[in-house]
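> What follows is a predicted structure for the sequence shown.
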Amino acid sequence: RKEVEQDPGPFNVPEGATVAFNCTYSNSASQSFFWYRQDCRKEPKLLMSVYSSGNEDGRFTAQLNRASQYISLLIRDSKLSDSATYLCVVLRGSARQLTFGSGTQLTVLP
Amino acid sequence: IAGITQAPTSQILAAGRRMTLRCTQDMRHNAMYWYRQDLGLGLRLIHYSNTAGTTGKGEVPDGYSVSRANTDDFPLTLASAVPSQTSVYFCASSDLTGGNNEQFFGPGTRLTVL
């Protein structure tokens, strides 16, 4: 079983739609959680950290459920520019290494 | 230089050849990382270095070596390339002294081993 699992998609949604991505992690010792965004043939970039109480950044809302070992990302009012692959990432260990999910591909259609 | 640079951008290499991928950062981050990204597998950590002079093995270290002689540079060497090392390689860095664990990535090197 992969340490971080995501639905690979692809998710094809119209502009203005709300879309949600889910992620599960297997290591209960995971300490911190993130969503990264990766555009086609580009490097990953941090989108947002995920906090236990849930957090919001504009149209993006991230939630964490430690009991279920589950992370989610909600995107409201999708824009064409949101088209990308979204990577679920967890941090564990004293070496503070990141483990990446394989990503969920989103295409926002006009 | 701003951020992280990698060289070359892409390379086609014959199997058995030696190859060094270069990575340089100008953010004075103490930690640096090498990942490979393959379709369906996501990014996997090859080697890392938490500070100059130290290195550690990641999830998929076999066939690769690294060195960290100074803070800025973290080269990755394939001693004898094999076709299974065809991949996109990303270098990253982070500042472990703060509470922020964000990693900043270079633009990647696309390597094809024939």
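Alright, I've got the coordinates.
> Next secondary structure after the top strand by length along chain A?
When chain A is parsed with DSSP state E, its longest strand is strand A:84-92. Remark: after strand A:84-92, the chain's next helix or strand is strand A:97-100, criterion DSSP states H and E.
> send the alpha carbons of the longest strand of chain A over as PDB?
Output of strand A:84-92 as PDB, limited to C-alpha atoms (Å, rounded to 0.1, in the frame of the first residue of the first chain):
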ATOM      1  CA  ALA A  84      -3.000  21.400 -12.900                       C
ATOM      2  CA  THR A  85      -2.000  18.300 -10.900                       C
ATOM      3  CA  TYR A  86      -2.600  18.600  -7.200                       C
ATOM      4  CA  LEU A  87      -0.200  16.600  -4.900                       C
ATOM      5  CA  CYS A  88      -1.000  15.500  -1.400                       C
ATOM      6  CA  VAL A  89       2.100  15.600   0.700                       C
ATOM      7  CA  VAL A  90       2.900  14.500   4.300                       C
ATOM      8  CA  LEU A  91       5.800  15.100   6.500                       C
ATOM      9  CA  ARG A  92       7.100  12.500   8.900                       C
END
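> Please determine how far A:S53 is located from B:P107.
Shown here: A:S53 relative to B:P107, a distance of 35 Å by CB to CB, to the nearest Å. C-beta here means a position set from N, CA and C on the backbone, and glycine is covered the same way.
> and the two? which has more neighbours close in?
Taking neighbours as other CB atoms under 10 Å in any protein chain shown, A:S53 and B:P107 compare with B:P107 leading, 15 against 6.
> Quick check: nearest residue in space to that one, chain neighbours excluded?
Residue nearest to B:P107 in three dimensions, not counting chain neighbours: A:E43, with 5.5 Å by CB to CB, 6 or more residues apart in numbering or on different chains.
> residue contacts, the one you found?
B:F90, B:F105, B:G106, B:P107, B:G108 (CB atoms under 8 Å, 6 or more residues apart in numbering or on different chains).
> Endpoint to endpoint, stretch A:55-67 covers what distance?
This stretch, stretch A:55-67, spans 18 Å end to end (CA to CA, to the nearest Å).
> same thing with stretch B:67-81?
18 Å.
> cool, stretch A:43-58 as well?
For stretch A:43-58, the end-to-end distance is 23 Å (CA to CA).
> Just the mean pLDDT for it, thanks.
For stretch A:43-58, the mean per-residue pLDDT is 92.
> just how off-centre is that stretch within its chain?
From the chain centre to the centre of stretch A:43-58 is a distance of 8 Å (CA atoms, centre = their mean, to the nearest Å).
> What residues sit buried inside it?
By neighbour count on 16 or more other CB atoms under 10 Å in any protein chain shown, the buried set for stretch A:43-58 is A:E43, A:P44, A:L46, A:L47, A:M48, A:S49, A:V50.
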